[in-house]
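*Asks:* need a 3D model of the sequence below.
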Amino acid sequence: MSASPPTSGIDGYGTSASKDIRHAGFPRVWQHVLLACGCALAITLLVTSYLQSSQGANALDDVLRQSAQVDHIDQLQMLLVDAETGVRGYLLSGDAIYLEPYERAIGGLDDAVDKLRADFADKPADQDRLDQLIALVRAKQGAMATAVAERTLIGERNDDLLGNVLMGEVREQIIALRASLLGDVANSIASSRQRFGLTRIVGIAMAVGSLLLLLVLFGVMQRQSELRERLASVLETENSRLEKLVEERTAALSRLARHLTVAREDEQARLARELHDELGSLLTAAKLDASWIKRKLPAELQEAWRDRLDRLQQTLTSGIALKRRIIDDLRPPLLKDLGLVEALRALADDFAMGNEIEVVADLPDALGEIDEERSLTIFRIAQETFTNIRKYARAKRITMALDHSPGQVRLEIADDGVGFDPDEVASDRHGIAGMLHRVQTYAGEFAIESAPGHGTRIVAVIPV
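*Replies:* Coordinates of the predicted model:
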């Protein structure tokens, strides 16, 4: 086995390269800071946009309200001008048609005054001027009514000096109030422009901050992408190295397991030869000596010792048979002399004869070139399977099939016994573990299909 470089983890994270990549990454605390900054900028932009829209709406409402107040003043002035024009036309011509615009204007003065009172209710600084304007309007209204009455009752009236004076004073008050309202409008517009300017500066600052944050985040993402690529490359290299290491160690363990299996079979073969040569010769010689002694004894002694001599010969015969069975178990002679097919056939016949079980063997007439080690492995798997069936299965019928396809040999043995749960039992039985180990030695495939009450099927495939 070749020595492998040390590693602290199967996934390669413990290597120095991966540690350097991890330490080179963007600190997590700064990622949190960037995320917090992004959230703060987004909230600030939302709040700023809301405030800007609210302020814009409020400013527009103020301008519209102040414009409406200016319109109310202009409306009051127009009503007075219309009324004055109608009165002058009536005074000069005496034609009642000129009183129509006067009467319409007089009817709208009260409503115009009420609107002005409502407009200036929140302007205490202009309240005195408004009161003066209203008083002048009422005086002007009275003067015009007096002039119309005199023209109607007395006749011709050429001048309206009091009306002209009052109208001049009304114009002065209106101009002053209008200037005050226009000043408020200008102040509102200036304040709105100032707020919009500030909001624009804040928006520009937020946009610049967002742009910088996006650039930083892009840099972070780019760096993280590079780190991921480097980490993927390191992981791929580490995984390749570990896979190669696992393959080397698996191959070394397979060679070791195969060596141990071959060594055990060789030791069993040596022991079988010694039993055959040494113990066999001793037992045969002892049996021959017993026969010689039986023949050479006098007749009267043979009669007295017949039972013991017969029992001695039977014992020696049983010992020879036991020796032969042990030798056959240690190293089946048929496997070496006649091949795998005949050895399996003899195994099936002996099992059926000794256990009164129907054994159906589907064996080919001949197999291709299979080395002795693989032939012995297949025979041992079949031998162990029959042993397990005899001990546990309580089967009545067994089928065995051997197939030699290009590149592999497939052995299948099935019974109709009591069955078992492979997940619960297979790992606890050394016989099944031994069969699996033998198949894995040659990188083959081994499968067990069984269920309680449904029999068992064992399939072993060994590459050749």
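
*Asks:* residue ranges in the stretch 51-200 of the chain under the pLDDT threshold?
*Replies:* 52-53, 55-56, 59-60, 155-161 (pLDDT under 70).

*Asks:* how close does Glu226 get to His72?
*Replies:* In this structure, Glu226 and His72 are 71 Å apart, going by C-beta to C-beta, to the nearest Å. All C-beta atoms are positioned from the backbone trio N, CA, C, and that covers glycine.

*Asks:* I should have written Arg241 there, sorry.
*Replies:* From Arg241 to His72 the distance is 91 Å (C-beta to C-beta).

*Asks:* now Arg138
*Replies:* For Arg138, the distance to His72 - C-beta to C-beta - is 17 Å.

*Asks:* looking at these two, which is more packed in?
*Replies:* Counted by other C-beta atoms under 10 Å, Arg138 and His72 do not tie: His72 has more neighbours, with 21 against 13.

*Asks:* which helix or strand contains that one?
*Replies:* helix 28-93 (DSSP states H and E).

*Asks:* I'd like the next helix or strand past the one helix or strand Arg311 maps to.
*Replies:* Assessed by DSSP H and E, Arg311 sits inside helix 299-330. For helix 299-330, the following helix or strand on the C-terminal side (DSSP H and E) is helix 333-337.

*Asks:* what helices or strands is that next one leaning on?
*Replies:* Counting contacts by 3 or more C-beta pairs under 8 Å, 6 or more residues apart in numbering; DSSP states H and E, helix 333-337 packs against helix 340-355, helix 372-388.

*Asks:* going by neighbour count, list what's buried in the shortest one.
*Replies:* Across helix 340-355, burial judged by 16 or more other C-beta atoms under 10 Å covers Leu340, Val341, Ala343, Leu344, Arg345, Ala346, Leu347, Ala348, Phe351, Ala352.

*Asks:* and the helix or strand just after it, what does it pack onto?
*Replies:* Counting by DSSP H and E, the next helix or strand C-terminal to helix 340-355 is strand 358-362. Here strand 358-362 touches helix 340-355, strand 397-405, going by 3+ C-beta pairs under 8 Å, 6+ apart.

*Asks:* give me the angle between strand 358-362 and strand 397-405.
*Replies:* Angle, strand 358-362 to strand 397-405, by axes from the mean of the first three to the mean of the last three C-alpha atoms, to 10 degrees: 10 degrees.

*Asks:* from the middle of its chain, how far away would strand 358-362 be?
*Replies:* 54 Å (C-alpha atoms, centre = their mean, to the nearest Å).

*Asks:* dump that strand to CSV, keeping only the CA atoms.
*Replies:* Extracted as CSV, the C-alpha positions of strand 358-362 are listed here (Å, rounded to 0.1, in the frame of the first residue of the first chain):
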residue,chain,number,x,y,z
GLU,A,358,-35.8,-31.7,-4.0
VAL,A,359,-32.8,-30.0,-5.6
VAL,A,360,-33.1,-28.8,-9.2
ALA,A,361,-29.7,-28.0,-10.6
ASP,A,362,-29.7,-26.1,-13.9
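
*Asks:* for that strand, the averaged confidence score.
*Replies:* The predicted model gives strand 358-362 an average pLDDT of 90.

*Asks:* mind listing what's buried in it?
*Replies:* Under the neighbour-count criterion of 16+ other C-beta under 10 Å, strand 358-362 has Val359, Ala361 buried.

*Asks:* what are the pairing partners of it, and which direction each?
*Replies:* The sheet places strand 358-362 alongside strand 397-405 (parallel), with pairing taken from DSSP bridges.

*Asks:* helix or strand right after the strand it pairs with?
*Replies:* strand 408-415.

*Asks:* average model confidence for that following strand?
*Replies:* Mean per-residue pLDDT for strand 408-415: 92.

*Asks:* so it versus strand 358-362, what angle?
*Replies:* Going by the same axes, to 10 degrees, strand 408-415 makes 160 degrees with strand 358-362.

*Asks:* can you name the element that comes right after strand 408-415?
*Replies:* helix 422-425.

*Asks:* buried residues in that next one?
*Replies:* So, applying 16+ other C-beta under 10 Å, helix 422-425 has no buried residues.

*Asks:* average pLDDT for that helix?
*Replies:* The pLDDT scores in helix 422-425 average 74.

*Asks:* who does that helix touch, helix- and strand-wise?
*Replies:* Contact analysis of helix 422-425 by 3+ C-beta pairs under 8 Å, 6+ apart lists strand 445-450 as its packing neighbours.

*Asks:* who does the strand it packs on touch, helix- and strand-wise?
*Replies:* Applying 3+ C-beta pairs under 8 Å, 6+ apart, one finds that strand 445-450 contacts helix 422-425, helix 430-441, strand 456-463.

*Asks:* let's see that with 10 Å instead.
*Replies:* strand 408-415, helix 422-425, helix 430-441, strand 456-463 (3 or more C-beta pairs under 10 Å, 6 or more residues apart in numbering; DSSP states H and E).

*Asks:* and the second one, how far out from the chain's middle?
*Replies:* Centroid separation between helix 422-425 and its chain, computed with C-alpha atoms, centre = their mean, is 34 Å.

*Asks:* could you do the last one as well?
*Replies:* The gap between where strand 456-463 is centred and where its chain is centred comes out at 40 Å by C-alpha atoms, centre = their mean.

*Asks:* now do it against helix 372-388, angle only.
*Replies:* For strand 456-463 against helix 372-388, the angle by the same axes, to 10 degrees is 170 degrees.

*Asks:* nice, that's everything, thank you.
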